[in-house]
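[1] Here is my input; please provide its structure:
(2 chains)
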Amino acid sequence: MPWARRGFTLQLEVYVFRYGVILALALTAFWLSMSGMFTGMLLSLGVISIILTLWMCKRMGILDAETAPYLFMPLTLSYFVWLGKEIYKANIAVVKAVMSPEMNISPAMVRVPVNRKTDIGATMFANSITLTPGTVSVEINDESILVHALLSEMAVADDFTEMGNKAGFAIGEGAA
Amino acid sequence: MSMIIMAGSEAAQTATALNIDWSLIGAWLRAGLSAACIIMGLLFVFAGTIGVLRLPDFYTRIHAAGMTDTLGAEMVLLGLIIQAGFSQMTLKLLMISFFLLLTSPTATHAVAHAAHKAGLKPKLGSQRAKTIDELNTHKRGGA
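    Coordinates of the predicted model:
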């Protein structure tokens, strides 16, 4: 038992260290690109800020894949490109519905099943539903998301499966 | 609008000073493209505002407000990115548009969830706008 415990702690240390390094690199890149000034005082202020941030994250025990999801940044960005197209399509439908003189709308509620493995995957999925105009995620629990849709043809639970799978993949769950 | 034209003519003046003709064309092209993006973004914001005023209940109005957040704001930012050219400002604007994609749905969800928790019932089923006649009878009935 003591041996197993020590092994687990060591694994945890390696895990925390790895995400600490990733977060440090990301914060350095962020500071340099946002400040764009390379004077001694600003650089040293940057170093102090980064160390302070890392220390606080370590103390709060949140140095993990959720705090530093930068490994999957290319996947996430390409997902946002795909999502942009979906947002554009949905936007046109909502503008048409809202601007037409008769304004034929048919609001509906639907429960969409969530089969994501991680919290951040489910968050990404719920946020994507809200980002797409015409659908808003109202409530979320372990099994499903309650979605309010402006038009009844948007409230089909099966239509969200593709978005859910892509959202999970983009944040590093692997193909679901 | 005038700012965009000013930026375009300023870039054009710089180009003339350098005796480069094609960059003058490029500067005007860029100014025009950025103006087109910003105007399209403003049209979406306008449609969103009309939607907030016309739609019948709280939950449906959220959709119109969300439209302003997504395509409206992102198109305006895209226009600004085109105008900024490739510089540090572009990176900052890209960051802002990325953060907007994360924060605006979170805020929308928070508002919708609060209404749901408080027990506000959505109006469901097929609905249409009142005609002028219907509005008039309603007014007479109320008086």
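[2] Burial check on residue A:37, number of neighbours?
    Other residues lying near residue A:37 total 10 when counted by other Cβ atoms under 10 Å in any protein chain shown. All C-beta spots, glycine's among them, are computed from the backbone N, C-alpha and C.
[3] per the record, what domains does chain A have?
    For chain A, automatic domain parsing gives the domain ranges A:2-67, A:70-170.
[4] what helices or strands is the helix or strand hosting residue A:121 leaning on?
    Residue A:121 belongs to helix A:119-131 when assigned by DSSP states H and E. Helix A:119-131 is packed against helix A:73-99, strand A:135-140, strand A:144-149, helix A:161-170, helix B:88-117, with contacts defined by 3 or more Cβ pairs under 8 Å, 6 or more residues apart in numbering or on different chains; DSSP states H and E.
[5] Residue B:24 is nearest to which of those?
    helix B:88-117 (21.6 Å; Cβ to Cβ).
[6] quick one: that closest one to chain centroid distance?
    13 Å (Cα atoms, centre = their mean, to the nearest Å).
[7] ditto for stretch A:162-171
    Distance, centroid of stretch A:162-171 to centroid of chain: 10 Å (Cα atoms, centre = their mean).
[8] Repeat that for stretch A:156-173.
    Counting by Cα atoms, centre = their mean, stretch A:156-173 comes out at 12 Å from the chain centroid.
[9] Determine whether any part of that stretch lies close to chain B.
    No. Shown here: stretch A:156-173 not in contact with chain B (Cβ under 8 Å from any Cβ of the partner chain), separated by at least 11.8 Å.
[10] returning to that earlier point: rank the helices and strands packed on helix A:119-131 by pLDDT, which is bottom?
    When those are ranked by mean pLDDT, helix A:161-170 comes last with a mean of 82.
[11] Show me what that helix is packed up against.
    helix A:73-99, helix A:119-131.
[12] relative to strand A:135-140, how tilted is the first one?
    For helix A:73-99 and strand A:135-140, the angle between their directions (axes from the mean of the first three to the mean of the last three Cα atoms, to 10 degrees) works out to 110 degrees.
[13] So which elements touch helix A:73-99?
    Looks like helix A:73-99 contacts helix A:119-131, helix A:161-170, helix B:21-54, helix B:58-67 (3+ Cβ pairs under 8 Å, 6+ apart).
[14] buried set for the third one?
    In this case it means helix B:21-54. B:23-24, B:27-28, B:30-31, B:34-35, B:37-38, B:40-41, B:44-45, B:47-49, B:51-52 (16 or more other Cβ atoms under 10 Å in any protein chain shown).
[15] Over to the last one?
    Using 16+ other Cβ under 10 Å as the burial criterion, the residues of helix B:58-67 that qualify are B:59, B:60, B:61, B:62, B:63, B:64, B:65, B:66, B:67.
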